[in-house]
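>>> Dropping the sequence and predicted coords here.
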Amino acid sequence: MNRKILYIFAIVFFMVANPAAGSPDLPLKSGDEFPELEIVVPSPPFTRNYLGIDQKDRFKLSDVKAELVLVEILNVYCATCQRQAPFYNQLFEMIENDSRTKGKIKILGIAVGNGEREIADFQEDYDVLFPIAEDLGFAMHKAVGGPRTPFSIYVRMNGKGEAGRIVDTHLGTNTNVADLFEKLVGFIQEDSVILTRENDEKITNASKVKPILSDTVLGELVKTAFAGLGGTISGFQKVDLSIPRLVYTAMTRKEEGSYRIFGEVVRRPSICDVCHDIHFIYLFDSSGKVIRFVPLQLTKIDNWHWDREDIHMMREKIIGRSITKPWVFNSEVDAISSATITSAVIIDALTQGDALLAELRQKGLL
């Protein structure tokens with residue numbers, strides 16, 4: 001059996017033996033297809049020529065003219081991503097200066113939660129040589145399984161305009177550029193392309209949110225938050241949902257009448273690989289309007305916890321907004337100082353209300 005057949009067999013076996021491969025809750029693994037989501041074309045003039053894409057404003061990874069694409073999922077405020085930049089600059093130059101790889105291997109950064117201005121500043125500050133596309137709405141980040149950053153994905157392209165296949169991934173910095181370069185060379189040599197899965201388990205475990213409180217305690221905290229709204233609380237219960245979200249509901253009675261309220265416990269991994277996970281509770285009414293915000297674990301640069309002023313500022317930004325209303329994060333307006341990543345994750349979490357309200361409505365709770 002030659003290596004090409006072995007490679008195809010390995011992919012088929014992996015996908016059959018792992019029905020959860022490509023789960024949106026965990027990072028993509030070797031053998032998965034790279035998501036065919038549209039990506040906004042980065043503005044620097046060299047981008048189109050380098051990637052080999054046409055004049056459209058958006059493209060898919062399968063449009064890139066290459067045999068292998070190294071996709072780096074990053075965030076410009078992530079300290080590890082900043083440390084990674086000079087090493088990938090070296091890698092870029094090695095690829096462009098070697099006849100075996102020039103035009104065959106491309107590097108594309110995708111900046112989670114960052115806009116064009118932030119990316120431009122990052123590229124200038126760290127002399128980044130490869131294009132970086134924005135992912136303001138977290139769409140690509142979610143599609144690849146919400147990994148911490150930096151997360152490198154090595155995608156073997158099929159040359160037919162179809163989704164590429166992931167041959168390996170790497171979480172964290174890649175500082176051994178010479179070894180990485182030779183590894184990439186191996187990936188474009190068809191007879192030696194074999195799935196490598198040595199990092200999959202480590203990356204999966206690193207991507208999981210570490211609990212800080214039991215569900216029992218969290219339920220009591222939600223109940224306390226309900227009581228803090230005033231009035232008499234009755235019928236407190238956890239809502240049984242088909243989607244993986246922890247939601248509670250109760251009736252509150254005040255002088256003006258009774259109405260139903262809801263509370264969701266949000267537990268999200270931070271984008272950055274060295275930052276603490278993000279935990280908070282928010283309450284909302286039957287229209288989806290946020291009516292209270294309770295921080296559990298929120299940190300900023302150097303993992304300092306938010307102070308009262310930080311919490312007050314976030315409450316002013318989000319209370320009164322609807323969880324079904326689109327909100328494109330703008331770091332200049334929406335970020336708490338020194339907590340841009342955490343702010344972006346909070347706001348993203350509070351724009352995911354459509355599916356939740358639809359299920360609550362189906363259950364007769366709205």
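Done, it's in. Numbering: from 1, shown residues only.
>>> Sketch out the low-pLDDT regions of the chain for me.
Counting by pLDDT under 70, the chain shows low-confidence ranges at 1-25, 190-201.
>>> Okay, domains of it per the record?
3-207, 215-362 (automatic domain parsing).
>>> any idea how far the residue at the greatest distance from the centre of the chain is from Pro269?
Distance from the C-alpha centroid of the chain, by Cα atoms, centre = their mean, peaks at Glu255 (43.7 Å). For Glu255, the distance to Pro269 equals 42 Å [Cβ to Cβ, to the nearest Å]. Heads up, the C-betas are built off the backbone N, CA and C, glycines and all.
>>> Ile95 in helix, strand or coil?
Applying DSSP: H, G, I helix; E, B strand; the rest coil to Ile95 yields a three-state assignment of helix.
>>> So it sits against Phe181, correct?
Yes: the criterion here is Cβ atoms under 8 Å, and Ile95 meets it with Phe181 at 7.2 Å.
>>> Mutual contacts of these two, please.
Common contacts of Ile95 and Phe181, defined by Cβ atoms under 8 Å, 6 or more residues apart in numbering, comprise Thr101.
>>> More neighbours: those two, which one.
Taking neighbours as other Cβ atoms under 10 Å, Ile95 and Phe181 compare with Ile95 leading, 22 against 18.
>>> mind listing what that one touches?
Residues in contact with Ile95 (Cβ under 8 Å, 6+ apart) are Thr101, Lys102, Ile105, Lys106, Ile107, Phe181, Leu184.
>>> Spell out the residue ranges of the strands in the stretch 1-150 of the chain.
With DSSP state E, counting those that start in this stretch, the ranges of strands along the stretch 1-150 of the chain come out as 39-40, 58-59, 68-74, 105-112, 132-135.
>>> which of those strands sits most buried?
Stretch with highest mean neighbour count among the strands of the stretch 1-150 of the chain: strand 105-112 (a mean of 26; mean count of other Cβ atoms under 10 Å).
>>> What strands line up against that strand, and which way round?
For strand 105-112, the paired strands and their directions (DSSP bridges) read strand 68-74 (parallel), strand 132-135 (parallel).
>>> what does the longest one contact?
In this case it means strand 68-74. The contact list for strand 68-74, computed with Cβ under 8 Å, 6+ apart, reads 34, 61, 81, 84, 88, 91, 104-112, 132, 140-141, 144, 147, 149-157, 164, 167, 184, 187-188.
>>> and if you look at the shortest one?
Strand 132-135 has contacts (Cβ under 8 Å, 6+ apart) with 39-42, 74, 108-116, 119, 122-123, 141.
>>> now it, how far from the centre of its chain.
Centroid separation for strand 132-135 versus its chain: 12 Å, with Cα atoms, centre = their mean, to the nearest Å.
>>> what's the spacing between the residue farthest from the centre of the chain and Lys223?
21 Å.
>>> before we move on, what about His141?
Look at His141 and Lys223: by Cβ to Cβ, they are 33 Å apart.
>>> Compare the two (neighbour count), which wins?
Counted by other Cβ under 10 Å, His141 and Lys223 do not tie: His141 has more neighbours, with 21 against 15.
>>> quick one, what contacts the more buried one?
By Cβ under 8 Å, 6+ apart, His141 lies in contact with Ile73, Ile110, Val112, Gly113, Asp135, Pro147, Ile271.
>>> Repeat the analysis, applying 10 Å as the threshold.
Going by Cβ atoms under 10 Å, 6 or more residues apart in numbering, His141 touches Ile73, Asn75, Ile110, Ala111, Val112, Gly113, Asp135, Pro147, Thr149, Phe151, Ile271, Asp348.
>>> okay, whatever helix or strand the last one lives in in CSV with CA atoms only?
Using DSSP states H and E, Asp348 falls within helix 340-349. In CSV, the C-alpha atoms belonging to helix 340-349 read as follows (Å, rounded to 0.1, in the frame of the first residue of the first chain):
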residue,chain,number,x,y,z
THR,A,340,-10.0,44.1,25.7
ILE,A,341,-10.0,40.3,25.3
THR,A,342,-12.4,39.7,28.2
SER,A,343,-14.6,42.5,27.1
ALA,A,344,-14.9,41.1,23.5
VAL,A,345,-15.8,37.6,24.9
ILE,A,346,-18.5,39.1,27.2
ILE,A,347,-20.1,41.0,24.4
ASP,A,348,-19.9,38.1,22.0
ALA,A,349,-21.6,35.9,24.7
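>>> which helices and strands does it pack with?
Where contact means 3 or more Cβ pairs under 10 Å, 6 or more residues apart in numbering; DSSP states H and E, helix 340-349 is packed against strand 105-112, strand 257-268, strand 278-285, strand 290-297, helix 308-318, helix 331-334.
>>> how about those in JSON lines, adding distance to Thr47?
Shown next, in JSON lines, are those (distance: least, Cβ to Cβ, whole Å):
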{"stretch": "strand 105-112", "distance to Thr47": "9"}
{"stretch": "strand 257-268", "distance to Thr47": "31"}
{"stretch": "strand 278-285", "distance to Thr47": "32"}
{"stretch": "strand 290-297", "distance to Thr47": "38"}
{"stretch": "helix 308-318", "distance to Thr47": "33"}
{"stretch": "helix 331-334", "distance to Thr47": "22"}
